[in-house]
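Peer 1: A predicted structure for the sequence below; I have some questions about it.
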Number of protein chains: 2
Amino acid sequence: MLPHSLMSKNCNIPSIKTSCSSCSLRELCLPVGLTAQEVGTLDHLVNQRHKIRRGEHLHRAGLDFHSLHVVRTGFFKTYVLQEDGREQVTGFHMPGEVLGLDAISADTHTCNAVALEDSEVCELPFAKLEGIGRTIPSLMHHFHKIMSREIVRERGMLLLGGMKAGERLVAFLLNLSHRFARRGYSPLDFNLRMTREEIGSYLGLKLETISRAFSRLQEDGLINVNNKRIRLNDIDHLRRQYGSSSCE
Amino acid sequence: MLPHSLMSKNCNIPSIKTSCSSCSLRELCLPVGLTAQEVGTLDHLVNQRHKIRRGEHLHRAGLDFHSLHVVRTGFFKTYVLQEDGREQVTGFHMPGEVLGLDAISADTHTCNAVALEDSEVCELPFAKLEGIGRTIPSLMHHFHKIMSREIVRERGMLLLGGMKAGERLVAFLLNLSHRFARRGYSPLDFNLRMTREEIGSYLGLKLETISRAFSRLQEDGLINVNNKRIRLNDIDHLRRQYGSSSCE
DNA sequence: GCTCTAGTTTGATTTAAATCAAAACAAGAT
DNA sequence: ATCTTGTTTTGATTTAAATCAAACTAGAGC
C-alpha cells in the first residue's frame, strides 16, 4: 500500500479495505498507466518497512537523511527547535502522507519528525525517485503535484492569521476530519494523538487557550470532548460558522 | 553524455552583474554543466518577457494558467480571497523568484498574483519544464530544490505564531533584507512596495499594529522609517534580538 | 489497590493587539 | 496651486489571549 498522497485526485480508489487506509505504490501507479515491469521496480523500493516506536525520532532511526518517508501506519508530528529552545510544531502526519519534502533543499534546516504512536514508514531514497521519474514521466508529474500540494497546505496555515482561537481550532479539527475521511478512518469520531500543547504550538496559541476553546465548542453542542477523544456533532454547522478549513 | 554532477548547494552564483538581479536561466544552468546547445533550448523558452503593469493581475494577462512565472523585474504580491471577501496576503515576490508553484496541483485553489509596480515576468510552461527536465536531470533536481525551498519558506511562517508584533515585523524586514541582498539590491536601505495593511495581512496583524511597531523600532534607533523607505541601522542587533528570520 | 507524573481543565489577572476614531501626510488629478 | 483619495500615524478604549496559579484527571508503574 502506498501513499494516497502519491495518487492523483481522481484515482481516489474509494474502496480500500485494508486495515489501514494507505494505498500501495502499485495501486498508486497503475492508474497512471505504468507497465507491470515498471510497477515491479517501484514495489521493490517500498517493500521493506521501518518501525518507529512511540516517541522515537525518524532521522535517528538510521535511515538516510535524504530520503522521503511515507507513513504506512501510526502518526507523526514534525517540529523545529528554535534558538531559544522552544519547540514549534510544524505538522501532523497520518498514514499515506509523505515526510521529508523539505529536506530536498538540504541547505536549509529541516524539521524533526517524531512518532506519536508506534508507527511504520517506508523509505524512498530521493535520488532513486528522481531516477525512476525520468523513465516514468507520469510518476514524476505526480510527485510534482504532491510537492505542490504540500506548498498549498503550508500556505493554508497563513489563513489562521486572521482567525480567532475558536476558529483556528475548528479549522484544525475540520482539517483532521477531512484527512481521516480520505484515509478511510471515521471523520466524525477520532482520537487526537497530540497534546493540547502541541495543538497550541501548531496553531499559534497556548495550551490553556486550546483547552478553553474545546470546552466552549462542547458547551455550544458542536463537539464532544473526552480528553483525547473527539466527536464532531454538527460538522455542517462547524463548516458554515468557521469557513472551510484548508484541505490538507 | 550529460555531466551528472549534482548541482552543489553553493550554486549561489554570487556575482550577477546584470542591472536587475534576476538570474537568467542561462546563468542558472551553466554552473550545472549544461552544453551550449542545451542552454540554447532553455533560452528560447524564456526570451520573451511579459509586461505586467502596476495593479494588473498575473493570470489575467492571457498567460497559460499552468505555467510557472519567473519575476524578471518589478515586485508582486500573492493573495487568496476568502469566502467573507477578505484578502489574505500570502507572499511578496521579487526578481528571480518563481510564481505558480502552487498551481501545479490544480485541484486546489491557487493564489492570485498582482504586480505592486510595473513588472516583467517570463513564462515557463510546466509541461515543457518537465520535458526538458527529463533530459537534463540536474535541471530537474534543481527544480525540486526550488520547490522544496518554497515549502520551507511557507513553513517559516509558522514560526510567526510564537512571536509578538514587533518580532514578526523584524522577522519580515530581515527576510526582505536577506532576499534583497541575494538579488544584488541594498539590504540595509530599501523601499517597501506594499502597504502597511498588506504587511499586516501577511503577518497576521492589523495595519495600525504594523504602524506602531515601525514607530517603536524607530524610537529604539534600530531602524529609520520614512513612509515606505526603510533603513536598517543595526541589523546585528535586530538579528540577535529577534532571532534569525526564515531565510527565503 | 496506591503513587507519581504528565496532561488537562478552570479561575483570576495582566497584557498585547484589535477596534474605534481622528488627524496628518503623500501622490495624483484638475 | 487646490481638491481629491488613499495611506499612515497616533490616541483612547475594548477585547481576546497570555500568564499565573491551582485543582483535577488519566495512565503507567509499583
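Peer 2: Ah, there it is.

Peer 1: A:L81 contacts A:T110, doesn't it?
Peer 2: No: between A:L81 and A:T110 there is no contact under Cβ atoms under 8 Å: 11.3 Å. Using the backbone N, CA and C atoms, a C-beta is placed for each residue, glycine as well.

Peer 1: for A:M140, give its distance to DNA strand D.
Peer 2: Counting by Cβ to the nearest atom of the strand, to the nearest Å, the gap from A:M140 to DNA strand D is 42 Å.

Peer 1: for that residue, give me phi and psi.
Peer 2: With angles defined as degrees, to the nearest 10, A:M140 sits at phi -60, psi -50.

Peer 1: quick one, what contacts it?
Peer 2: A:E130, A:G133, A:R134, B:E130, B:G133, B:R134, B:M140 (Cβ atoms under 8 Å, 6 or more residues apart in numbering or on different chains).

Peer 1: show me the two of those that sit farthest apart.
Peer 2: Farthest apart among the contacts of A:M140 by Cβ to Cβ are A:E130 and B:E130. That separation is 12.4 Å.

Peer 1: check which residues of stretch A:131-146 are buried.
Peer 2: Across stretch A:131-146, burial judged by 16 or more other Cβ atoms under 10 Å in any protein chain shown covers A:I132, A:G133, A:I136, A:L139, A:M140, A:H141, A:H142, A:F143, A:H144, A:K145, A:I146.

Peer 1: the inter-axis angle of the helix or strand hosting the fourth one versus helix B:137-156?
Peer 2: Yep, that's A:L139 we're talking about. Counting by DSSP states H and E, the element that carries A:L139 is helix A:137-156. Angle of helix A:137-156 versus helix B:137-156, following axes from the mean of the first three to the mean of the last three Cα atoms, to 10 degrees, is 20 degrees.

Peer 1: helices or strands next to the helix or strand following helix A:137-156 in the packing?
Peer 2: Counting by DSSP H and E, the element after helix A:137-156 in chain order, helix or strand, is helix A:165-182. Secondary-structure packing of helix A:165-182 (3 or more Cβ pairs under 8 Å, 6 or more residues apart in numbering or on different chains; DSSP states H and E): strand A:189-191, helix A:196-203, helix A:207-219, strand A:229-232, helix A:235-242.

Peer 1: return helix A:165-182 as PDB; C-alpha atoms alone will do.
Peer 2: What follows is helix A:165-182, C-alpha atoms only, in PDB (Å, rounded to 0.1, in the frame of the first residue of the first chain):
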ATOM      1  CA  ALA A 165      -8.800  30.900  18.800                       C
ATOM      2  CA  GLY A 166     -12.100  29.000  18.400                       C
ATOM      3  CA  GLU A 167     -12.000  29.400  14.600                       C
ATOM      4  CA  ARG A 168      -8.400  28.100  14.500                       C
ATOM      5  CA  LEU A 169      -9.300  25.100  16.500                       C
ATOM      6  CA  VAL A 170     -12.300  24.300  14.300                       C
ATOM      7  CA  ALA A 171     -10.200  24.700  11.200                       C
ATOM      8  CA  PHE A 172      -7.800  22.300  12.700                       C
ATOM      9  CA  LEU A 173     -10.400  19.700  13.500                       C
ATOM     10  CA  LEU A 174     -12.100  20.000  10.100                       C
ATOM     11  CA  ASN A 175      -8.700  19.500   8.500                       C
ATOM     12  CA  LEU A 176      -8.000  16.400  10.600                       C
ATOM     13  CA  SER A 177     -11.500  15.200   9.900                       C
ATOM     14  CA  HIS A 178     -11.000  15.600   6.100                       C
ATOM     15  CA  ARG A 179      -7.800  13.800   6.200                       C
ATOM     16  CA  PHE A 180      -9.100  10.900   8.300                       C
ATOM     17  CA  ALA A 181     -12.000  10.600   5.800                       C
ATOM     18  CA  ARG A 182      -9.600  10.500   2.900                       C
END
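
Peer 1: is that helix anywhere near DNA strand D?
Peer 2: Yes: contact of helix A:165-182 with DNA strand D (Cβ under 7 Å from any atom of the strand) involves A:A165, A:G166.

Peer 1: what mean pLDDT does that helix get?
Peer 2: Average pLDDT, helix A:165-182: 95.

Peer 1: tell me which residues of that helix are tucked away?
Peer 2: Of the residues in helix A:165-182, those buried (16+ other Cβ under 10 Å) are A:165-180, A:182.

Peer 1: ok and that helix relative to helix A:235-242, angle-wise?
Peer 2: 140 degrees.

Peer 1: can you tell me which of the helices and strands packed on helix A:165-182 comes nearest to B:E56?
Peer 2: helix A:235-242 (33.5 Å).

Peer 1: mind giving me the packing neighbours of that closest one?
Peer 2: helix A:165-182.

Peer 1: quick one, domains of chain A?
Peer 2: A:4-153, A:163-242 (automatic domain parsing).

Peer 1: could I have the helix holding A:L139 exported to CSV, CA atoms only?
Peer 2: Below are the C-alpha coordinates for helix A:137-156, written out as CSV (Å, rounded to 0.1, in the frame of the first residue of the first chain):
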residue,chain,number,x,y,z
PRO,A,137,7.1,10.8,-16.6
SER,A,138,3.7,10.4,-15.2
LEU,A,139,5.2,9.4,-11.9
MET,A,140,7.4,12.4,-11.9
HIS,A,141,4.5,14.6,-12.7
HIS,A,142,2.6,13.0,-9.9
PHE,A,143,5.4,13.7,-7.5
HIS,A,144,5.4,17.3,-8.5
LYS,A,145,1.7,17.5,-7.7
ILE,A,146,2.4,16.1,-4.2
MET,A,147,5.1,18.8,-3.6
SER,A,148,2.8,21.5,-4.9
ARG,A,149,0.1,20.3,-2.6
GLU,A,150,2.4,20.5,0.3
ILE,A,151,3.1,24.1,-0.6
VAL,A,152,-0.6,24.8,-0.7
ARG,A,153,-1.1,23.0,2.6
GLU,A,154,1.6,25.1,4.3
ARG,A,155,0.1,28.2,2.8
GLY,A,156,-3.2,27.3,4.3
